[in-house]
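1. Provided below for reference: sequence and predicted model.
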Amino acid sequence: MKKNMTKKTALLMSCLVLSLTGCSETAKNEAPVPTATSAPTETPVPTATSAPTETPVPTATPAPTETPVPTATPAPTETPAPTATSAPTETPAPTETPAPTATSAPTETPVPTATSAPTETPVPTAAPAPSEVPSTAKADTIADLLPSLRAAGIIAEAGSTPVAPAISGDNVAIERIETFADHFIIVTLNGQLSNTETSDISFQKHNTDWTTYKEVSGELTLIDSFSTINQEGKTVLIYQAADTLLTTSAVIDKKASNFSNLDAAITTADNYLSWQMDHGGWDKGVEDQAKKAWNGTEKKNKSSGWTGANGELIGTIDNDATYTQMRHIAAVYREVPEAKYRESVLKGLDFLFQLQYESGGFAQVYPKRGNYSDNVTFNDNAMINVLYMLEDMLYHRYPFDSDIIPEEYMEKIEDSLNKATDYILKAQITSEGRLTAWCAQHDPVTFEPVAARAYELASISGSESVAIVQFLMNQEQTPKIRQAVESALQWFKDSEVKNIKYVRKDSNGVYFVEKAGESTWYRFYEIDTNLPIFCDRDGIMKHNILEIGEERRHGYAWAGNWPKKLLDAYEKYGYVTGTITATVIGTDSATADGKTLEKNSSIIIGK
């Protein structure tokens, strides 16, 4: 994307924080992702052969088409809001062994060619501001903005009356559109209007829902407009938008749909209520248990068997537990607004607040279990799916588009989301001085990556990191969020193994098979070397899948193509800028000789 602007315009934009098209002129000179050079033979773990270069991630031009992505298993009988797709589940193991402290590989383990540490994409910085415009210039209204525009020569000085050159064509045309700060759009025409109606131009904003990879478009709400001229005498129209222009995404609200069998949905909801624990949470696997109501004597934790230090029943967000029940009950409440359903959802919400550490991360369980479950858990997208539900509550999206969440909870929900986002940014793993991605679990206090089960070592996750990036891309963008996302996207690119397909439980014993056009990422990457990790229940790190026993080799998803749809959508839609289309909808504006804007003509900001 390229912007047509004067040197002075560019200087002004640098001092007015960020424009939507702030880094769109970066050349697309990204280094190709390394690919494997041969099919795996004695060492079936392919690795990249060339080191990635430090190249900024280019932005892509949004397209109107969409790329669907699988969503998580919906709650029974309801249409859920989009959730992060969980990584493939593992074959149940007989016991769990804590991860040992020693994780070094034995000397006889062959180590494939190392992939260099992935590069981080820095946040582009603005050019130095001109001396006549303070670098701290801010504008809350168009009136606030005008002095800075005059100082930079973008509009004429008050009282001056330069005459614009004659328009050669049949119509007045939009010559240039720019965005300033996070609320202002500046439209420069190719001539001077004698009669101006700013309402002749409307604006549509196009963003992406990164949970579904669909483009979302909507009318941009304007709260003020102003007409003036520039130093050439050309008309300049200034618009102020009600909402920030920096948001790059929009989550699609799931439309409410009637239950195919409301009576069955009510029965399930009532059964869920009976299995809810006193602290508000549910056990995992409760969907099967809730086929019938709790009989008053069964253990409500019968699926996991988990208890706290003093024998308390443990609730969890593992395996989609708790938030799945809350979504279903909320959907039933929309149809049958009985107090018991509302009370159950609020009790579940209080349980989730108990799960959240002061640092912002969510544990997998409450009360504490005394092992890895007490750590902040991205594994199987547990924490991210909780955050999506909290957002649906905050923005009154289905199934929380009723009075089920009282207003006094909204501040708590918003605070919870802000703390969680802050935790995510602080937990991003730095390797060799560069931001990469995330581990499946992190320490709630130090933010460091930590191990879980014996074969799940502290590492960089090629699976769980995808949902984290999707969540961040759906937030209002800040420099820190943008840096985190672009660094993670670059790490995904650096860590891709092209033309290789992972075959789980491969009867031929190859597991990583050469196949043109396929892309593979490992579930776990060693921090600093970026080598793949495979592990038995003894907790000893290996870099070759054939060096672990068949039980773990076949009983765990060691690789997949998790980031592919994200990267494809990123290339298709772009990330750094949502785009804005300006469309002429009226012809009341006219020059002295009667020329008007061409109706239905449009221009995309940033193209």
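-> Received the coordinates, thanks. Numbers count the residues shown, from 1 in each chain.
2. Strands along the stretch 451-600 of the chain, start to end?
-> Listed in chain order, the strands found in the stretch 451-600 of the chain under DSSP state E, counting those that start in this stretch are 460-461, 497-502, 512-522, 524-525, 534-535, 541-542, 559-560, 579-584.
3. With mean pLDDT and distance to residue 376 added, can I get those strands in a markdown table?
-> Bear in mind the C-beta positions are built from the backbone N, C-alpha and C, glycine included. Below are these laid out as a markdown table (pLDDT from 0 to 100; distance: least, Cβ to Cβ, whole Å):
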| stretch | mean pLDDT | distance to residue 376 |
| --- | --- | --- |
| strand 460-461 | 98 | 13 |
| strand 497-502 | 98 | 28 |
| strand 512-522 | 97 | 22 |
| strand 524-525 | 98 | 17 |
| strand 534-535 | 98 | 21 |
| strand 541-542 | 98 | 22 |
| strand 559-560 | 98 | 22 |
| strand 579-584 | 86 | 35 |
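4. between the ones you listed, which gets nearest to residue 330?
-> strand 460-461 (30.3 Å; Cβ to Cβ).
5. who does that closest one pair up with?
-> Sheet neighbours of strand 460-461, with direction, are listed as strand 524-525 (antiparallel) (DSSP bridges).
6. residues in contact with the strand it pairs with?
-> 456, 457, 459, 460, 461, 462, 495, 531, 532, 533, 535, 558 (Cβ atoms under 8 Å, 6 or more residues apart in numbering).
7. what's the neighbour count on the closest residue to residue 465 other than its chain neighbours?
-> Distances taken as Cβ to Cβ, 6 or more residues apart in numbering put residue 437 closest to residue 465, at 3.6 Å, once the chain neighbours are dropped. Neighbour count of residue 437, defined by other Cβ atoms under 10 Å: 28.
8. Could you verify my assumption that residue 437 touches residue 467?
-> No: contact criterion Cβ atoms under 8 Å: residue 437 and residue 467 do not qualify, at 11.0 Å.
9. and the contacts of strand 524-525, which of them are in helices?
-> residue 495 (DSSP state H).
10. nearest to residue 356, of the contacts of strand 524-525?
-> residue 461 (20.9 Å).
11. Now do the contacts for the residue nearest to that closest one when sequence neighbours are not counted.
-> The shortest distance from residue 461 to any non-neighbouring residue, by Cβ to Cβ, 6+ apart, is to residue 440 (4.9 Å). When contacts are counted by Cβ under 8 Å, 6+ apart, residue 440 touches 377, 378, 379, 452, 456, 459, 461, 463, 464.
12. How many residues are close by the third one?
-> The local packing count at residue 379 equals 23, with neighbours defined by other Cβ under 10 Å.
13. Phi and psi next, for it.
-> phi -50, psi 130 (degrees, to the nearest 10).
14. That one: what's it in contact with?
-> So residue 379 contacts 87, 318, 364, 440, 441, 452, 456, 464 (Cβ under 8 Å, 6+ apart).
15. Can you name the next helix or strand after the lowest-mean-pLDDT helix or strand in the chain?
-> The helix or strand of the chain with the poorest confidence is helix 7-15; it has a mean of 38 (mean pLDDT, DSSP states H and E). The first helix or strand that comes after helix 7-15 along the chain, using DSSP states H and E, is helix 142-151.
16. Extract the C-alpha set from that following helix and format it as PDB.
-> The C-alpha coordinates for helix 142-151 follow below in PDB (Å, rounded to 0.1, in the frame of the first residue of the first chain):
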ATOM      1  CA  ILE A 142     -11.100  19.100  14.400                       C
ATOM      2  CA  ALA A 143     -10.600  22.600  15.900                       C
ATOM      3  CA  ASP A 144      -7.600  21.200  17.900                       C
ATOM      4  CA  LEU A 145      -6.200  19.700  14.700                       C
ATOM      5  CA  LEU A 146      -6.300  22.800  12.500                       C
ATOM      6  CA  PRO A 147      -3.300  24.700  14.000                       C
ATOM      7  CA  SER A 148      -1.000  21.700  13.400                       C
ATOM      8  CA  LEU A 149      -2.300  21.300   9.800                       C
ATOM      9  CA  ARG A 150      -1.600  24.900   9.100                       C
ATOM     10  CA  ALA A 151       1.800  24.800  10.700                       C
END
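17. Just the buried residues of the following helix or strand past that helix, please?
-> Sequence order places strand 174-180 as the next helix or strand after helix 142-151, per DSSP H and E. With burial defined by 16 or more other Cβ atoms under 10 Å, the residues of strand 174-180 counted as buried are 174, 175, 176, 177, 178, 179, 180.
18. Out of those residues, which is nearest to residue 518?
-> residue 179 (39.9 Å).
19. thought the closest one was touching residue 186?
-> Yes: between residue 179 and residue 186 there is a contact under Cβ under 8 Å: 7.5 Å.
20. Let me see the ranges of the strands in the stretch 251-400 of the chain.
-> According to DSSP E, counting those that start in this stretch, the strands that the stretch 251-400 of the chain contains are 315-316, 365-366, 376-377.
21. quick one: which of those is nearest residue 202?
-> Of the strands of the stretch 251-400 of the chain, nearest to residue 202 by Cβ to Cβ is strand 376-377, at 44.7 Å.
22. what does that closest one rub up against?
-> With Cβ under 8 Å, 6+ apart, strand 376-377 has contacts from 317-318, 357, 359, 361-364, 383, 423, 427, 440-444.
23. got the CA coordinates for stretch 164-182 in CSV?
-> Coordinates of each C-alpha in stretch 164-182 appear next as CSV, following Å, rounded to 0.1, in the frame of the first residue of the first chain:
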residue,chain,number,x,y,z
ALA,A,164,-6.9,26.4,-7.4
PRO,A,165,-6.0,25.5,-11.0
ALA,A,166,-8.9,24.6,-13.3
ILE,A,167,-10.2,21.0,-13.3
SER,A,168,-9.5,19.5,-16.6
GLY,A,169,-12.0,16.6,-16.4
ASP,A,170,-15.8,16.5,-16.2
ASN,A,171,-15.9,15.8,-12.5
VAL,A,172,-14.3,16.8,-9.3
ALA,A,173,-12.1,14.0,-8.0
ILE,A,174,-10.6,12.9,-4.8
GLU,A,175,-6.9,13.5,-5.1
ARG,A,176,-5.7,12.2,-1.8
ILE,A,177,-7.0,10.7,1.4
GLU,A,178,-5.0,10.4,4.7
THR,A,179,-5.7,9.5,8.2
PHE,A,180,-4.4,11.3,11.3
ALA,A,181,-4.1,10.3,14.9
ASP,A,182,-6.7,7.7,15.5
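24. Show me where the stretch 451-600 of the chain dips below the pLDDT cut-off.
-> For the stretch 451-600 of the chain, residues meeting the criterion pLDDT under 70 lie at 576-578.
25. make it 80
-> 573-579 (pLDDT under 80).
26. again, but for the chain
-> Looking at the chain by pLDDT under 80, you get 1-139, 181-182, 206-207, 215-217, 243-258, 573-579, 604-607.
27. Right, I'll call it a day here.
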